[in-house]
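Undergrad: okay, sequence plus prediction incoming.
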Amino acid sequence: MEKQEINFFESKCKEVRRLILKEIHSIGKGHYGGSLSIVEVLVLLYNKEMNIDVKNPKMEGRDRLVLSKGHAGPALYAVLADKGYITKEELLTLNKGNTNLPSHCDMNKTNGVDMTTGSLGQGISCAVGMAKASKIKKDNAYIYCIVGDGECDEGEVWEAALAASSFNLNNLIVFVDYNKMQLDGKLEDIIRMDNMDKKWEAFGFFVQNVKDGHDIEEIHEAIEKGKKQNKPVAIILNTVKGKGISLIESAGYKNHSMGLTDEQFKKALEELK
Amino acid sequence: MEMRKVLCSVMEELMHKDENIVFMDADLAEANGTMPLRDIFPERAFDVGISEQNMAGMAAGMSAYGMKPYICTFTPFASRRICDQIAISMAYAKQNVKIIATDAGIAAETNGGTHMSFEDIGVLRSIPSITIIDVVDEFQLREVLYKTVDYKGVVYIRIVRKETAKVFDENYKFNLLKADVLKEGKDITIFSTGIMTGFAVEAAAILKEQGIDTEVISVHTIKPIDRETIVNSLKKTKKAVTIENHNVIGGLYSAIAEVSCSESPSYIRALGVQDHFGEVGNMKFLREKYKMATEDIVDECKKMLGF
């Protein structure tokens, strides 16, 4: 990846983080932590990797994203607004009555959202279904799916993983947002998720560990390598929950859902200049 | 013919006509008789193993991709096991999935209490937008499959694997939104659903010989329910017995009572599973033990009429 392109993505990520801040602050509180930890992968997917057309959002055979950790909807909405699927003004309606932007993703409300998610564990099964459907239709689409590391507590994630490898779905690329925290605490204090890579490997995936899950180039290389495999792909993104805003990062697992004062909000925006 | 044989042969026909139809089993294809589909449609008929939750989610994803998925397993695993997946990934997400639920209620026979679903209709009935059909016999099943293939939404089709008492014949026409009035009468109404319908018809014949004129209505679609036919009958008879292969809480009795309470208050009593779990036993044994036999319907009607 050229330096110029990396700079472009880095500034895009800053813009998306600014949008997320404005979006969530407009309703007072929300899922900052898990939204900020997946900004890089979303920006890369929607601006480089995915075969999509904003003018034809339901295009047949397009690549799709299932945000299985549906509570990170605000991050996806910010990227969709940046791409033009929805307006940036609409972001300020997040979670308000009659909004088209509910905290958890709804494909029937938000232009550009490919699957309704929110009940953890279910999105990845839907993604496996889409990948299988794409194989039946022979349309050569890629199905991307982002699961949370806490979400991996759900047994359905592993049922889906078994099915994906049994059906040789090499058109499925799963990202694990490995920020090592869940709502109630650190993974190590709740349900241990050590050796995340070995787990996916054991379930039949081609696994890559991205040491810095916020490094655009590293994620890009992992996706490109993943596309050459003959089995489903898991890309473990070692991320930071709340990445990019120090006072959110420093809240630790409590940033899963939190609010900012107006003063903190201003300070956070300044950090993104 | 066994219902599972009808299921397999109609699905074969439908899958030949529509290449978007996908049929998934969860390691019960041998039991449900759907294995032959795999030889004919190796890409579109397949097994997901013993993972009903994933099967439900995959079906929702396939629907979102423009396919028409069917999932098939025993009734308890097609309802309570995957209740959240049905509610969120299918219904809330407005997907188009058919759920073929086999071995309903006491038809689970020797699989016993763990496999005997008496709550599935009740559990699913409170999820918005779902269509629930409790199938009477092989002729109705054939029609249900033909008439729902292009119906968009989540459709729960509750069947048994084996042969049942025949109520209909080759000329039967199924209307999803209209209950079937099998016999008109003026003294009391028997509302039945699913495989209990054959016994309701038998009971009506016995009662006729005893001078009691019953109306028999087969309410195949529990949701959305045919309010008009129910109210018209209750206005006439003012009394009814319901008979169902399900807990009397949450199923047909509850659905009929809800209609009656708001539109035509009537005296209605419930036959079916009286809020307990199942157990092993053949159908005859369980029907008699749970007071769901023809004689029980006859007795209940007579009691309500003061005989």
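TA: Here it is on my side, so go on.
Undergrad: what does the one helix or strand residue A:209 maps to rub up against?
TA: Secondary-structure assignment from DSSP states H and E places residue A:209 in strand A:206-210. Residues outside strand A:206-210 that contact it (C-beta atoms under 8 Å, 6 or more residues apart in numbering or on different chains): A:197, A:200-201, A:218-219, A:222, A:225-226, A:229, A:231-238. From N, CA and C alone the C-beta is placed, and that goes for glycine too.
Undergrad: how about the strands of the stretch 51-200 of chain B, start to end?
TA: Applying DSSP state E, counting those that start in this stretch to the stretch 51-200 of chain B gives strands spanning B:68-74, B:97-102, B:131-134, B:154-158, B:180-183, B:188-192.
Undergrad: what bridges to residue B:99?
TA: Residue B:99 has the following beta-bridge partners by DSSP bridges: residue B:71, residue B:156.
Undergrad: and the contacts of strand A:206-210, which of them are buried?
TA: Burial by neighbour count, 16 or more other C-beta atoms under 10 Å in any protein chain shown: within the contacts of strand A:206-210 this picks out A:197, A:200, A:218-219, A:222, A:226, A:231-238.
Undergrad: let me know the closest of the residues you listed to chain B.
TA: Closest approach between those and chain B, by C-beta to the nearest C-beta: residue A:232, at 13.5 Å.
Undergrad: backbone torsions only: list them for the closest one.
TA: Main-chain dihedrals, residue A:232, degrees, to the nearest 10: phi -60, psi 160.
Undergrad: circling back: next, the angle from the following helix or strand past the strand holding residue A:209 to strand A:206-210.
TA: Counting by DSSP H and E, the element after strand A:206-210 in chain order, helix or strand, is helix A:216-226. On the basis of axes from the mean of the first three to the mean of the last three C-alpha atoms, to 10 degrees, helix A:216-226 is oriented at 170 degrees to strand A:206-210.
Undergrad: check which helices and strands the next helix-or-strand element following helix A:216-226 is in contact with.
TA: Using DSSP H and E, the next helix or strand after helix A:216-226 towards the C-terminus is strand A:233-238. Judged by 3 or more C-beta pairs under 8 Å, 6 or more residues apart in numbering or on different chains; DSSP states H and E, strand A:233-238 is in contact with strand A:172-178, helix A:196-202, strand A:206-210, helix A:216-226.
Undergrad: parallel or antiparallel, list what pairs with strand A:233-238.
TA: Strand A:233-238 sits in its sheet next to strand A:172-178 (parallel), strand A:206-210 (parallel), going by DSSP bridges.
Undergrad: pull the CA atoms of the helix or strand following that strand into CSV?
TA: Sequence order places helix A:246-249 as the next helix or strand after strand A:233-238, per DSSP H and E. What follows is helix A:246-249 as a C-alpha-only set of coordinates in CSV (Å, rounded to 0.1, in the frame of the first residue of the first chain):
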residue,chain,number,x,y,z
SER,A,246,-7.8,8.6,25.4
LEU,A,247,-10.5,9.3,28.0
ILE,A,248,-12.7,6.6,26.5
GLU,A,249,-9.8,4.1,26.2
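Undergrad: near chain A, which residues of chain B show up?
TA: B:22, B:43-44, B:46, B:48-49, B:51, B:53-54, B:56-67, B:69, B:84-85, B:88-89, B:92-94 (C-beta under 8 Å from any C-beta of the partner chain).
Undergrad: buried residues of stretch B:116-129, list them for me.
TA: Of all the residues in stretch B:116-129, those buried under the rule 16+ other C-beta under 10 Å are B:116, B:117, B:118, B:119, B:120, B:121, B:122, B:123, B:124, B:125, B:127.
Undergrad: and the strands of the stretch 51-200 of chain B, which is most packed in?
TA: With neighbours defined as mean count of other C-beta atoms under 10 Å in any protein chain shown, these peak in mean count at strand B:188-192, which reaches a mean of 29.
Undergrad: now do the contacts for whichever residue of the stretch 151-273 of chain A sits closest to chain B.
TA: Closest residue of the stretch 151-273 of chain A to chain B, C-beta to the nearest C-beta: residue A:159 (3.7 Å). Contact analysis of residue A:159 by C-beta under 8 Å, 6+ apart lists A:125, B:51, B:53, B:54.
Undergrad: now with 10 Å?
TA: A:121, A:124-125, A:128, A:203, B:48-55, B:57-58 (C-beta atoms under 10 Å, 6 or more residues apart in numbering or on different chains).
Undergrad: for the longest helix anywhere in chain A, packing partners?
TA: The longest helix of chain A (DSSP state H) is helix A:3-25. Applying 3 or more C-beta pairs under 10 Å, 6 or more residues apart in numbering or on different chains; DSSP states H and E, one finds that helix A:3-25 contacts strand A:29-30, helix A:32-36, helix A:39-44, helix A:73-83, helix A:216-226, strand A:258-259, helix A:262-271.
Undergrad: can you give me the helices for the stretch 201-307 of chain B?
TA: With DSSP state H, counting those that start in this stretch, the ranges of helices along the stretch 201-307 of chain B come out as B:227-237, B:252-263, B:283-289, B:294-304.
Undergrad: tally of neighbours for the residue lying closest to residue B:61 once chain neighbours are set aside?
TA: Nearest residue to residue B:61, sequence neighbours excluded (C-beta to C-beta, 6 or more residues apart in numbering or on different chains): residue A:129, at 2.7 Å. Around residue A:129 there are 35 other residues, counting by other C-beta atoms under 10 Å in any protein chain shown.
Undergrad: might one say that residue A:129 is in contact with residue B:85?
TA: No. Contact between residue A:129 and residue B:85 fails when scored by C-beta atoms under 10 Å: they sit 11.2 Å apart.
Undergrad: shared neighbours of those two, anything?
TA: Contacts common to residue A:129 and residue B:85, judged by C-beta under 10 Å, 6+ apart, are B:54, B:55, B:56, B:57, B:58, B:59, B:60.
Undergrad: contacts only, for the fourth one.
TA: With contacts defined as C-beta under 10 Å, 6+ apart, residue B:57 is in contact with A:66, A:68, A:115, A:119, A:121-129, A:156, A:159-160, A:163, B:48, B:51, B:82, B:84-85, B:88-90.
Undergrad: before we move on, the earlier item: go through the helices and strands packed on strand A:233-238 and pick out the most buried.
TA: strand A:172-178 (a mean of 28).
Undergrad: so what are the sheet partners of the following helix or strand past it and their directions?
TA: Per DSSP H and E, the first helix or strand lying C-terminal to strand A:172-178 is strand A:181-182. Strand A:181-182 pairs in its sheet with strand A:185-186 (antiparallel), by DSSP bridges.
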